[in-house]
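[1] Could you look at this predicted model? Sequence included:
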Amino acid sequence: MSEESDLTHVTEDGEATMVDVGEKVDSDRRAVARGEIRLSSSTVEAIRQNEIGKGDVLGVARVGAIQAVKHTWETIPMCHQIPVTNVDTDFTVHDDGVALEVTVETTGKTGCEMEALEGVTTGLNVIWDMVKAAEKDDDGQYPGTRIEGVEVLTKEKR
């Protein structure tokens, strides 16, 4: 572990603080994150056939992912509000679930990997919300539904 004086988000008194990036030069930045939600094969087929009662699962999840990217600074306490210049969502439907990759671009003083992660996790949570009626077992539980593999694939400063 670093010495306390090396910590970037803690004051000398040990209080949490936001890092001052005011002196940094703006640069083009890009981050890509991914994750997946495991679902039953019948739910996946219902998504493919657009037969989920709540509507277009991937369309709603795309909007949710984009909204989450734009609001990351409101949910991650030490995250800066950044000028998001582009968000791309890519869903891949597999036989046992849906993978989501979110790419975020910005021109600014700090990276955008937290925004990409927020997009992925919210997009996958939206899918879960949209399909939960199809995924529940007889006891109202979700024994096979799970979100996994959330990670940052790349982070670039150009």
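    Cool, got the structure.

[2] Tell me the buried residues in the lengthiest helix in the chain?
    Using DSSP state H, we find that the single longest helix of the chain is helix 113-135. By neighbour count with 16 or more other CB atoms under 10 Å, helix 113-135 contains the buried residues 113-128, 130-131, 134-135. Where you see a C-beta, it was placed from the backbone N, CA and C, and this is true even at glycine.

[3] would you list every one of the strands in this structure?
    Taking DSSP state E as the test, the strands found in the chain are 27-38, 84-94, 97-108, 146-157.

[4] Could you list the alpha-carbon positions for stretch 133-144 in CSV?
    Extracted as CSV, the C-alpha positions of stretch 133-144 are listed here (Å, rounded to 0.1, in the frame of the first residue of the first chain):
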residue,chain,number,x,y,z
ALA,A,133,-40.8,-12.0,-15.1
ALA,A,134,-39.4,-14.6,-17.6
GLU,A,135,-36.4,-15.4,-15.4
LYS,A,136,-38.2,-16.0,-12.0
ASP,A,137,-38.6,-19.5,-10.8
ASP,A,138,-41.7,-20.8,-9.0
ASP,A,139,-40.4,-19.3,-5.7
GLY,A,140,-39.9,-15.8,-7.3
GLN,A,141,-36.1,-16.2,-7.3
TYR,A,142,-33.5,-15.9,-10.1
PRO,A,143,-31.4,-19.1,-9.7
GLY,A,144,-29.6,-18.9,-13.1
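
[5] that older thread, possible to save the strands of the chain as CSV with distance to residue 16?
    As requested, the strands of the chain are exported to CSV (distance: least, CB to CB, whole Å):
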stretch, distance to residue 16
strand 27-38, 23
strand 84-94, 25
strand 97-108, 22
strand 146-157, 22
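
[6] remind me which residues of the chain are low pLDDT?
    1-11, 18, 20, 22 (pLDDT under 70).

[7] try 90
    1-26, 77-78, 108-111, 158 (pLDDT under 90).

[8] What is the burial count for residue 73?
    15 (other CB atoms under 10 Å).

[9] quick one, what contacts it?
    By CB atoms under 8 Å, 6 or more residues apart in numbering, the contact set of residue 73 is 79, 80, 81, 82.
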